[in-house]
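requesting a structural model of the entry that follows:
(4 chains)
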2 protein chains.
Amino acid sequence: MNALFKALNDPTRRAMLELLRTRPLTAGEIADRFTMSKPSISHHLDLLRQADLVTSEKQGQFVTYTLNMTVFDEILGWLLQFKASPDNPPS
Amino acid sequence: MNALFKALNDPTRRAMLELLRTRPLTAGEIADRFTMSKPSISHHLDLLRQADLVTSEKQGQFVTYTLNMTVFDEILGWLLQFKASPDNPPS
DNA sequence: AAAGTAATTAGACATTTGTCTAAACACCGA
DNA sequence: TCGGTGTTTAGACAAATGTCTAATTACTTT
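Residues are numbered from 1 along each chain as shown, chains lettered A, B, ... in the order given. Sure, this is the predicted structure:
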């Protein structure tokens, strides 16, 4: 949960997730969409992976990053407790 | 959106929101639930207020903090775009 | 084997963040 | 009006964060 919110707390990383929404991309393809250096991109991708928001797979010299949507349910669930009736037992 | 994720990126602040789920509380009541100093608590509450996650109202010498659930929809909406079909137009 | 390409690791550095103590501000009751 | 209570502001400081360049690793192609 901590790694999740940490990963989401950066506009670059959120933009990366939105990019990956349409299809998996290699690290290089992702880097092309941003102005920052490749090592910085790599670092951001690492944080996304630590939060399990993306998975990475090495294919030859390329590393493809794929959005992992299952983990979104975790945040969604946390958020929804606030929408629920006040009498609902807190998680 | 930035202030929102920033505010949520801290376990203490998330715990505060969960506390306020049941009912509004004064700054002092909130502080009693945590081990950290009152100024730190005040600072966290300020960040929550900046993100519009809570509202504050002064009543005499007390300041009551209330959960503002409407803003949760913003995050919810952002998250839900990832659950939607891949062909959905990105926001 | 060597040169080129893709990506990450290492390390430096400025900025931001979370925490604290001390002080100030605001209100209350005697 | 004065001491007490509730809360915030100011300022300091260590730790975490985001960025960079340089170097390294891993793979491909010739």
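
what residues does the nearest residue to A:Leu8 once chain neighbours are set aside make contact with?
Distance criterion C-beta to C-beta, 6 or more residues apart in numbering or on different chains; nearest residue to A:Leu8, sequence neighbours excluded, is B:Phe5 at 5.1 Å. Bear in mind the C-beta positions are built from the backbone N, C-alpha and C, glycine included. Taking C-beta atoms under 8 Å, 6 or more residues apart in numbering or on different chains, we find B:Phe5 in contact with A:Phe5, A:Leu8, A:Asn9, A:Arg14, B:Ile75.

any idea how far B:Ser37 is from the second one?
As judged by C-beta to C-beta, to the nearest Å, A:Leu8 and B:Ser37 stand 28 Å apart.

more crowded one of these two?
The neighbour comparison of A:Leu8 against B:Ser37 (other C-beta atoms under 10 Å in any protein chain shown) goes to A:Leu8, with 24 against 10.

can you list phi and psi of A:Thr70 for me?
Per-residue torsions, A:Thr70: phi -60, psi -30 (degrees, to the nearest 10).

check it and give its pLDDT.
Note on A:Thr70: pLDDT of 94.

distance of it relative to A:Phe62?
Applying C-beta to C-beta to A:Thr70 and A:Phe62 gives a distance of 24 Å.

out of the two, which sits in the busier spot?
A:Phe62 (12 against 9).

show me what the closest residue to the more buried one other than its chain neighbours bridges to in the sheet.
Using C-beta to C-beta, 6+ apart and skipping the chain neighbours, the partner closest in space to A:Phe62 is A:Thr26 (4.6 Å). For A:Thr26, the beta-bridge partners are A:Thr64 (DSSP bridges).

ok, A:Thr26 - contacts?
By C-beta under 8 Å, 6+ apart, A:Thr26 lies in contact with A:Phe62, A:Val63, A:Thr64, A:Tyr65.

pLDDT for those - can I get that in TSV?
Listed next are the contacts of A:Thr26 as TSV, based on pLDDT from 0 to 100:
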residue	pLDDT
A:Phe62	98
A:Val63	98
A:Thr64	98
A:Tyr65	98
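
quick check, nearest of those residues to chain B?
A:Tyr65 (14.4 Å; C-beta to the nearest C-beta).

burial count for that closest one?
23.

just A:Ile30 next, same as before
Other residues within reach of A:Ile30, judged by other C-beta under 10 Å, total 23.

does it touch A:Leu67 like I think?
No. Checked against C-beta atoms under 8 Å, the pair A:Ile30 and A:Leu67 is beyond contact range at 11.6 Å.
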